[in-house]
Structure formats: C-alpha cells, structure tokens
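> Whatever this is, show me its structure:
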Amino acid sequence: MLPQLKMHVKQNNNYSVHTTKDGRQIHVFDNAIDYKGKLYFYRFLKSLSYKCVNYDLGLPTGDREPKLRSDITPQIEKDLKFFDSVSSAECSALIKSYSIKHMYVNLGIPTDYNEIHTDVGGSLLPPNNFMTLLYYVNPEWDLNWGGETIFYSESLDEVEFISSFIPGRIIIFDQAIPHSARTQAIGANKYRFTLACKLNRV
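Reported below is the predicted structural model:
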C-alpha cells in the first residue's frame, strides 16, 4: 500500500501534489503566507458579516443544514489583496492558469454537521479544469481541535487524502473530488475560518 501511495505524491518541504485514482489533483502549499499576513487576513475576515446561507452541495444526501458564510464581493476582494500576499512560486504559477469565479468565507462552529460533497454536480467534468482554493485562515490551531479536510474516492469507499488544519495552509483541489470538513472539537473554543475561492481554467 505505501509504495503505491508514494506514486501518487510529489512533494518538497512546502508544496505537495496528491493525485487521486481518477487523475484529479490536490495541491497543498504551506508557508505561502507569512505570519504578519496570517494575522491580517484573520482579523479582516473575522470582522465580516456572516449569514446562515452555506450548504454542502453536489451529492444527493437528503436534508442539509445551512452554515455560516460571508461572500467576498469584488470590493472586499480588492481590499483583502489575498493573492498579492502569496509568496509560493508554485502556488502563484498555478493560480495564474485559472480565473476567479467566486470567493467566500466559511465560519465553522463545533455544532456543524458537515456532509461529504463535491463543489460541482457530478464527476464527468475533465480533471483539474475547475478547482477550489481553500485557505485555512486561523493563525493558531491545535491539531487536537480537529477541523481537517478529508478527501474521498469517487466511489466514496475510501479516504484518498487528509489535510490537517494547518494555519496558513492553502489547498487547491479539483472540485469534483468528494470531500468534507471534520467538525472542530467542542474544547477548541474557537471559530474555524476558511477562505474558499472557485477557479476556472483560463
């Protein structure tokens, strides 16, 4: 099992690419935002207004509970200057291959029920044409608090990859990959913020 897993992983210290069995990619970038930037984005995004309008879409799993979300308008995006702060050359190069369709911030709380879902309906789209950028906003996070992002196989019979909630981590992944957020622990006593950006290949 381990040798087969290594065939699907390309990495260096701050960047790794995980390719699923059906050829879809999960790019993981660490230390792409410096600590000053992490604090700035956390304070900025924490101050936004949030509404219960977010749903886990893409899989027909029955009734869904809305969760807290704040949409990033073009003006907020301009003030935020998130992409100007990305220091990873690999991340910047990948982003340039895509256009931004929509941005918003998820606000997770310990009582959230997070379903497995995709960010697009269905899995017939060509691999890696439609990607989601996910940024872990909290500047501090204890791994015991949970909050990981779990990616599943297309058939939902096994886990393909788990990303720990590492402060400042950026993940860019194919929107057709089923995934879910592990709810944070009650003892965390903190909100879990993630910035999500939907990207289309140029």
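
> Just read off the phi/psi values of the residue nearest to the spatial centre of the chain.
Nearest to the centroid of the C-alpha atoms of the chain, with distances taken as Cα atoms, centre = their mean, sits L134, at 2.6 Å. Note on L134: backbone dihedrals following degrees, to the nearest 10 are phi -120, psi 120.

> And for Y40?
Backbone phi and psi, for Y40 under degrees, to the nearest 10, turn out to be phi -60, psi -50.

> So what does the closest residue to it other than its chain neighbours look like in phi/psi?
Once flanking residues are discounted, Y40 sits nearest to S85: 7.9 Å by Cβ to Cβ, 6 or more residues apart in numbering. Quick note: C-beta positions are derived from backbone N, CA and C, even for glycine. Dihedral angles of S85 (phi, psi; degrees, to the nearest 10) stand at phi -100, psi 0.

> if I pick the residue nearest to the centre of the chain, what's in contact with it?
Neighbouring residues of L134 by Cβ atoms under 8 Å, 6 or more residues apart in numbering: 149, 170-173, 194-197.

> if you set the cut-off to 10 Å instead, what comes out?
Remark: with contacts taken as Cβ atoms under 10 Å, 6 or more residues apart in numbering, L134 is in contact with 26, 28, 106, 119, 149, 163, 169-173, 179, 181, 194-197.
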